[in-house]
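In: Requesting a structural model of the entry that follows:
(one chain, ligands or ions: 1)
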Amino acid sequence: MNDQYVDRLIQSYLDNGLTEPEQQEFAAIMSQSESARIRFWELAEIHGLAPQAVAMLGLNLDEDSLAASATAHAEPSMWSRASSFTRRRQSGFALAGGVLLGVLISAFAWPVRGMPQLPTPTRLTTEGFESGSSPAVTGLPTIAAQWSGDFSEVVTAKQEVFPAEGEKMLQILRADYEGKPQPEGSYCGDLYQIIDVRSLRDQLSSDGTIVHASAMFNMSRQPEDEHLRYTLRILALTSDLLADGKQYEAQILDEYALATARQNLPLDNDPRTWEKAQTELRLPAKTDFVLIHVGITYGYMATDVRRITFPGQFVDDIQISLSNFPR
Ligand SMILES: [Ca+2]
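Out: As a prediction, this is how the structure comes out:
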């Protein structure tokens, strides 16, 4: 039983995705291993579930006090996102039953540590494309705080798609960028931004800094046999990697990144609805830069329709923030 395996079980539990045998194994591991229980609470915190668990167990932290501490923070929107996330996952906790939760809570050092800390969110970037300035179209960025990627264009409502927020949104136009070597066969339209986190070095060394990213995706109505997906990815990079022209390549970044997290899901074929991508990553202490990757791709199957152009795929309301969990 390795750490990754335990992490995967806990994640599946929090996603309410454990099979019956896995549930039994999860319960056994949690009753036997102190380190697994501590890890459970770490991951529950990342998922915004720890306060709910405490509330369910009647540990004197009711909804009102949660709401009060939430409004004390500068960014209520962050909390409302976390809280809707929590509600969706509520059934996961119900699954544990009183006994297992009792094991989990009694094993955890609440009295030492105090009540779970609500994250202190710091907004890094909000992008709704309202300023009208289009991202650079030169592929992976080399400068921080600037959107760059494949060909795209800021547009107003079109093809029955209305911006998720404000009057404007970004249309991903192509799967290649200006001067891309060998663009043939490209079918992923990408947009990136580098965020310099070196000033957070002290916080990172405590291993308690989480980057949260969310973005809205939509597309105009497409033929039923065309399957498109959206991607939201966070990568933790070192400055050495950025300086190395060979390793700083979109295709191989996952291999060299310190850590990555991503969400990749199908776009629905309804221009009236926006799909919200959300993902988060705990930053390793050596992280110098965070790379945010927002993308639209055709399907992965060789039989899927793939083109280098995108007829009506849109991105809006990208939000990047940081939370710190004091240790
Ligand atoms: Ca907008």
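
In: From Ile29, how far out is Pro21?
Out: 13 Å (C-beta to C-beta, to the nearest Å). Yep, even glycine has a C-beta here, placed from its N, CA and C like the rest.

In: so where do the helices sit in the stretch 201-327 of the chain?
Out: Here the stretch 201-327 of the chain has its helices, by DSSP state H, counting those that start in this stretch, at 201-205, 239-243, 253-256.

In: quick check, distance from the first one to the centre of its chain.
Out: In terms of C-alpha atoms, centre = their mean, to the nearest Å, the centre of helix 201-205 is found 20 Å from the chain centre.

In: before we move on, what about the last one?
Out: Here helix 253-256 shows a centroid-to-chain-centroid distance of 17 Å under the convention C-alpha atoms, centre = their mean.

In: tell me the mean pLDDT over that helix?
Out: Across helix 253-256, the average pLDDT comes to 88.

In: So what touches it?
Out: Applying C-beta atoms under 8 Å, 6 or more residues apart in numbering, the external contacts of helix 253-256 come out as Leu235, Leu237, Leu241, Gln247, Thr260, Leu291.

In: Next up, the contacts around Arg201.
Out: Contacts of Arg201 (C-beta under 8 Å, 6+ apart): none.

In: Can you tell me how far it is from the ion?
Out: Going from Arg201 to the ion by C-beta to the ion, to the nearest Å gives 33 Å.

In: start the count at 523, not 1, going forward
Out: With the count now opening at 523, the last piece we talked about shows up as Arg723.

In: And the strands in this protein, which stretches?
Out: 644-649, 670-671, 674-677, 691-696, 710-718, 731-741, 750-759, 781-788, 797-804, 811-820, 831-846 (DSSP state E).

In: now those as TSV including mean neighbour count and distance to the ion?
Out: As requested, the strands of the chain are exported to TSV (neighbours: other C-beta atoms under 10 Å; distance: least, C-beta to the ion, whole Å):
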stretch	mean neighbour count	distance to the ion
strand 644-649	16	8
strand 670-671	23	17
strand 674-677	18	9
strand 691-696	23	5
strand 710-718	22	14
strand 731-741	23	9
strand 750-759	23	16
strand 781-788	15	20
strand 797-804	18	14
strand 811-820	23	14
strand 831-846	21	5
